[in-house]
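**Q** Okay, here's the prediction I keep looking at, along with the sequence it came from:
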Amino acid sequence: GENVEQHPSTLSVQEGDSAVIKCTYSDSASNYFPWYKQELGKGPQLIIDIRSNVGEKKDQRIAVTLNKTAKHFSLHITETQPEDSAVYFCAAPGLDAGKSTFGDGTTLTVKP
Amino acid sequence: EPEVTQTPSHQVTQMGQEVILRCVPISNHLYFYWYRQILGQKVEFLVSFYNNEISEKSEIFDDQFSVERPDGSNFTLKIRSTKLEDSAMYFCASSTDRGAFFGQGTRLTVV
(Lines give C-alpha, C1' and ligand atoms only; values in the text may rest on other atoms or scores of the structure.)
Protein backbone atom coordinates (compact mmCIF):
# COMPACT_ATOMS: atom_id res chain seq x y z
CA GLY A 1 0.00 0.00 0.00
CA GLU A 2 0.86 3.67 -0.03
CA ASN A 3 3.45 4.94 2.44
CA VAL A 4 3.54 8.65 3.24
CA GLU A 5 6.29 10.31 5.24
CA GLN A 6 5.93 13.85 6.53
CA HIS A 7 8.52 16.24 7.94
CA PRO A 8 9.00 18.00 10.25
CA SER A 9 6.79 16.68 13.04
CA THR A 10 6.81 20.08 14.76
CA LEU A 11 7.50 23.51 13.35
CA SER A 12 7.59 26.80 15.20
CA VAL A 13 7.82 30.11 13.34
CA GLN A 14 7.43 33.78 14.11
CA GLU A 15 4.34 35.53 12.82
CA GLY A 16 5.01 36.79 9.32
CA ASP A 17 7.61 34.14 8.51
CA SER A 18 7.10 31.33 6.02
CA ALA A 19 6.52 27.69 6.89
CA VAL A 20 7.29 24.69 4.70
CA ILE A 21 6.13 21.12 5.30
CA LYS A 22 7.34 18.27 3.13
CA CYS A 23 5.96 14.85 2.29
CA THR A 24 7.15 11.89 0.30
CA TYR A 25 5.03 9.06 -1.02
CA SER A 26 5.74 5.61 -2.36
CA ASP A 27 3.02 4.71 -4.87
CA SER A 28 3.89 6.17 -8.26
CA ALA A 29 0.26 5.65 -9.33
CA SER A 30 -0.90 8.35 -6.89
CA ASN A 31 -2.07 11.37 -8.83
CA TYR A 32 -3.90 13.56 -6.36
CA PHE A 33 -2.44 15.12 -3.22
CA PRO A 34 -4.57 16.98 -0.68
CA TRP A 35 -3.43 18.86 2.40
CA TYR A 36 -5.54 19.03 5.53
CA LYS A 37 -5.51 21.37 8.49
CA GLN A 38 -6.76 20.07 11.81
CA GLU A 39 -7.51 22.43 14.65
CA LEU A 40 -7.88 21.19 18.19
CA GLY A 41 -11.07 19.20 18.68
CA LYS A 42 -12.09 19.38 15.03
CA GLY A 43 -11.97 17.17 11.99
CA PRO A 44 -9.38 17.61 9.25
CA GLN A 45 -10.24 20.38 6.82
CA LEU A 46 -9.16 20.26 3.19
CA ILE A 47 -7.16 23.44 2.53
CA ILE A 48 -5.50 22.85 -0.81
CA ASP A 49 -4.90 20.03 -3.25
CA ILE A 50 -2.89 19.37 -6.36
CA ARG A 51 -3.16 16.92 -9.22
CA SER A 52 -0.20 15.32 -10.87
CA ASN A 53 -0.61 17.17 -14.13
CA VAL A 54 0.52 20.41 -12.47
CA GLY A 55 3.68 21.25 -10.56
CA GLU A 56 2.44 24.06 -8.36
CA LYS A 57 -0.83 25.49 -7.14
CA LYS A 58 -1.37 28.63 -5.11
CA ASP A 59 -4.31 29.91 -3.09
CA GLN A 60 -3.59 33.24 -1.40
CA ARG A 61 -0.94 32.55 1.28
CA ILE A 62 -0.91 28.80 0.72
CA ALA A 63 0.87 26.97 -2.07
CA VAL A 64 1.62 23.35 -2.83
CA THR A 65 4.39 22.05 -5.07
CA LEU A 66 4.67 18.58 -6.51
CA ASN A 67 7.67 16.72 -7.88
CA LYS A 68 6.35 13.46 -9.33
CA THR A 69 9.77 12.23 -10.38
CA ALA A 70 11.07 12.48 -6.85
CA LYS A 71 7.68 11.56 -5.34
CA HIS A 72 7.48 14.45 -2.98
CA PHE A 73 5.16 17.38 -2.44
CA SER A 74 5.31 20.35 -0.13
CA LEU A 75 3.02 22.84 1.55
CA HIS A 76 4.18 26.44 1.74
CA ILE A 77 2.50 28.99 3.96
CA THR A 78 3.68 32.58 3.61
CA GLU A 79 3.11 35.51 5.97
CA THR A 80 2.05 33.14 8.73
CA GLN A 81 -0.51 34.27 11.27
CA PRO A 82 -1.33 32.89 14.75
CA GLU A 83 -4.54 31.38 13.37
CA ASP A 84 -2.41 29.20 11.09
CA SER A 85 -1.38 27.27 14.21
CA ALA A 86 -2.74 23.75 13.83
CA VAL A 87 -1.75 20.24 12.82
CA TYR A 88 -1.24 19.85 9.08
CA PHE A 89 -1.52 16.51 7.33
CA CYS A 90 -0.48 15.59 3.84
CA ALA A 91 -2.24 12.71 2.18
CA ALA A 92 -1.80 10.52 -0.83
CA PRO A 93 -4.88 8.70 -2.01
CA GLY A 94 -4.88 6.03 -4.63
CA LEU A 95 -7.40 6.17 -7.43
CA ASP A 96 -10.10 7.22 -4.96
CA ALA A 97 -9.50 10.90 -4.15
CA GLY A 98 -11.25 10.67 -0.81
CA LYS A 99 -9.53 7.57 0.48
CA SER A 100 -6.21 8.76 1.78
CA THR A 101 -3.10 7.52 3.47
CA PHE A 102 -2.21 10.34 5.82
CA GLY A 103 1.19 11.50 6.89
CA ASP A 104 1.99 11.62 10.59
CA GLY A 105 1.16 15.31 10.80
CA THR A 106 3.09 18.51 11.49
CA THR A 107 2.22 20.65 14.47
CA LEU A 108 2.71 24.24 13.35
CA THR A 109 2.96 26.93 15.99
CA VAL A 110 3.01 30.56 14.90
CA LYS A 111 4.29 32.82 17.65
CA PRO A 112 2.90 36.37 17.73
CA GLU B 1 -21.75 25.96 3.30
CA PRO B 2 -22.67 22.26 3.25
CA GLU B 3 -20.98 20.13 5.86
CA VAL B 4 -20.74 16.58 7.15
CA THR B 5 -22.50 16.17 10.47
CA GLN B 6 -21.83 13.46 13.02
CA THR B 7 -23.68 12.30 16.10
CA PRO B 8 -23.07 11.87 18.93
CA SER B 9 -20.09 14.11 19.56
CA HIS B 10 -19.02 11.92 22.47
CA GLN B 11 -19.96 8.31 23.26
CA VAL B 12 -18.91 6.39 26.34
CA THR B 13 -19.54 2.67 26.28
CA GLN B 14 -18.73 -0.44 28.28
CA MET B 15 -16.27 -2.90 26.79
CA GLY B 16 -18.14 -5.55 24.85
CA GLN B 17 -21.10 -3.34 24.05
CA GLU B 18 -22.22 -2.42 20.55
CA VAL B 19 -22.06 1.18 19.39
CA ILE B 20 -23.44 2.89 16.32
CA LEU B 21 -21.88 6.12 15.12
CA ARG B 22 -23.99 8.21 12.81
CA CYS B 23 -23.15 10.56 9.98
CA VAL B 24 -25.00 12.68 7.47
CA PRO B 25 -22.69 13.23 4.47
CA ILE B 26 -22.90 16.21 2.14
CA SER B 27 -26.00 15.65 0.05
CA ASN B 28 -24.56 15.53 -3.48
CA HIS B 29 -21.49 13.48 -2.56
CA LEU B 30 -21.28 9.92 -3.75
CA TYR B 31 -18.32 8.54 -1.80
CA PHE B 32 -18.39 8.03 1.95
CA TYR B 33 -15.66 7.14 4.39
CA TRP B 34 -14.90 6.38 7.98
CA TYR B 35 -11.54 7.29 9.47
CA ARG B 36 -10.15 6.82 12.95
CA GLN B 37 -7.70 8.93 14.94
CA ILE B 38 -6.28 7.64 18.18
CA LEU B 39 -5.36 10.51 20.49
CA GLY B 40 -2.23 12.29 19.30
CA GLN B 41 -1.77 10.06 16.28
CA LYS B 42 -2.44 10.35 12.60
CA VAL B 43 -5.71 9.86 10.83
CA GLU B 44 -6.21 6.25 9.68
CA PHE B 45 -8.48 5.08 6.90
CA LEU B 46 -11.08 2.48 7.87
CA VAL B 47 -13.49 2.03 5.00
CA SER B 48 -14.85 3.61 1.86
CA PHE B 49 -18.41 3.17 0.58
CA TYR B 50 -19.77 3.82 -2.87
CA ASN B 51 -22.93 2.82 -4.67
CA ASN B 52 -24.32 1.14 -1.56
CA GLU B 53 -21.40 -1.15 -0.98
CA ILE B 54 -17.95 -1.18 0.56
CA SER B 55 -15.38 -0.28 -2.08
CA GLU B 56 -12.29 -0.61 0.08
CA LYS B 57 -11.40 -1.35 3.67
CA SER B 58 -8.25 -1.34 5.75
CA GLU B 59 -6.82 -4.02 8.01
CA ILE B 60 -8.32 -2.19 10.97
CA PHE B 61 -11.81 -2.75 9.60
CA ASP B 62 -12.27 -6.32 10.77
CA ASP B 63 -15.43 -8.37 11.34
CA GLN B 64 -16.31 -6.27 14.38
CA PHE B 65 -16.99 -3.30 12.13
CA SER B 66 -19.80 -2.74 9.67
CA VAL B 67 -21.17 0.19 7.73
CA GLU B 68 -24.60 0.89 6.42
CA ARG B 69 -26.48 3.52 4.50
CA PRO B 70 -29.97 2.80 5.82
CA ASP B 71 -31.66 5.62 3.90
CA GLY B 72 -30.78 8.36 1.45
CA SER B 73 -29.06 10.58 3.97
CA ASN B 74 -27.51 8.64 6.85
CA PHE B 75 -24.29 6.66 6.92
CA THR B 76 -23.48 4.60 10.00
CA LEU B 77 -20.52 2.77 11.50
CA LYS B 78 -21.29 -0.09 13.86
CA ILE B 79 -18.78 -1.69 16.20
CA ARG B 80 -20.27 -4.94 17.42
CA SER B 81 -18.30 -5.68 20.57
CA THR B 82 -16.13 -2.77 21.58
CA LYS B 83 -12.63 -3.19 22.93
CA LEU B 84 -10.57 -0.75 24.96
CA GLU B 85 -8.34 -0.13 21.94
CA ASP B 86 -11.34 1.07 19.93
CA SER B 87 -11.23 4.29 21.95
CA ALA B 88 -10.52 7.04 19.42
CA MET B 89 -12.01 9.86 17.41
CA TYR B 90 -14.04 8.52 14.53
CA PHE B 91 -14.46 10.77 11.54
CA CYS B 92 -16.98 10.41 8.79
CA ALA B 93 -16.13 11.99 5.46
CA SER B 94 -17.63 12.34 2.02
CA SER B 95 -16.27 13.40 -1.33
CA THR B 96 -16.92 13.84 -5.02
CA ASP B 97 -13.74 13.87 -7.07
CA ARG B 98 -11.60 15.79 -4.63
CA GLY B 99 -10.26 15.14 -1.18
CA ALA B 100 -12.65 14.25 1.55
CA PHE B 101 -14.73 16.66 3.58
CA PHE B 102 -14.68 15.59 7.21
CA GLY B 103 -17.21 15.84 9.99
CA GLN B 104 -16.31 17.06 13.45
CA GLY B 105 -15.93 13.52 14.71
CA THR B 106 -17.31 11.30 17.46
CA ARG B 107 -15.07 10.70 20.42
CA LEU B 108 -15.58 7.08 21.44
CA THR B 109 -14.42 6.11 24.91
CA VAL B 110 -14.55 2.43 25.82
CA VAL B 111 -14.34 1.75 29.55
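**A** Okay, I see it.
**Q** Going by C-alpha atoms from here, please, whenever you check contacts or count neighbours.
**A** Noted.
**Q** Would you mind listing what in chain B touches chain A?
**A** B:31, B:33, B:41-45, B:48, B:91, B:94-105 (C-alpha under 8 Å from any C-alpha of the partner chain).
**Q** wait, what's in contact with residue A:64?
**A** Contact analysis of residue A:64 by C-alpha atoms under 8 Å, 6 or more residues apart in numbering or on different chains lists A:48, A:49, A:50, A:56, A:57, A:58, A:73, A:74, A:75, A:76.
**Q** Contact distance from chain B - what residues of chain A qualify?
**A** Residues of chain A lying near chain B (C-alpha under 8 Å from any C-alpha): A:34, A:41-46, A:49, A:96-105.
**Q** Just to be sure, which of the residues you listed are found in strands?
**A** A:34, A:45, A:46, A:49, A:100, A:101, A:102 (DSSP state E).
**Q** was I right about the fifth one contacting residue A:46?
**A** No: judged on C-alpha atoms under 8 Å, residue A:100 makes no contact with residue A:46 at a distance of 11.9 Å.
**Q** taking the mean pLDDT, what do you get for stretch A:37-48?
**A** Mean pLDDT, computed over stretch A:37-48, is 93.
**Q** Tell me the one of the contacts of residue A:64 nearest residue A:89?
**A** residue A:75 (9.7 Å; C-alpha to C-alpha).
**Q** Run me through the strand neighbours of whatever helix or strand the closest one lives in, direction for each.
**A** Residue A:75 belongs to strand A:72-77 when elements are defined using DSSP states H and E. Using DSSP bridges, strand A:72-77 pairs in its sheet with strand A:19-25 (antiparallel), strand A:62-67 (antiparallel).
**Q** Lowest-scoring secondary structure element of chain A by mean pLDDT?
**A** Counting by mean pLDDT, DSSP states H and E, chain A has its least confident helix or strand at strand A:100-102, which shows a mean of 86.
**Q** Residue A:100 and residue A:46: which has the busier surroundings?
**A** Neighbours were counted for residue A:100 and for residue A:46 using other C-alpha atoms under 10 Å in any protein chain shown; residue A:100 has more, 25 against 19.
**Q** Now do the residue lying closest to residue A:104 once chain neighbours are set aside, the pLDDT please.
**A** For residue A:104, ignoring the flanking residues on the chain, the nearest one in space by C-alpha to C-alpha, 6 or more residues apart in numbering or on different chains is residue B:42 at 5.0 Å. We have a pLDDT of 87 for residue B:42.
**Q** Need the three-state assignment for residue B:42.
**A** Using DSSP: H, G, I helix; E, B strand; the rest coil, the structure places residue B:42 in coil.
**Q** ok, now which ones touch it?
**A** A:102, A:103, A:104, A:105.
**Q** Remind me what the helix or strand hosting residue B:11 packs against, helices and strands.
**A** Assigned by DSSP H and E, residue B:11 falls within strand B:10-13. Judged by 3 or more C-alpha pairs under 8 Å, 6 or more residues apart in numbering or on different chains; DSSP states H and E, the packing partners of strand B:10-13 are strand B:106-110.
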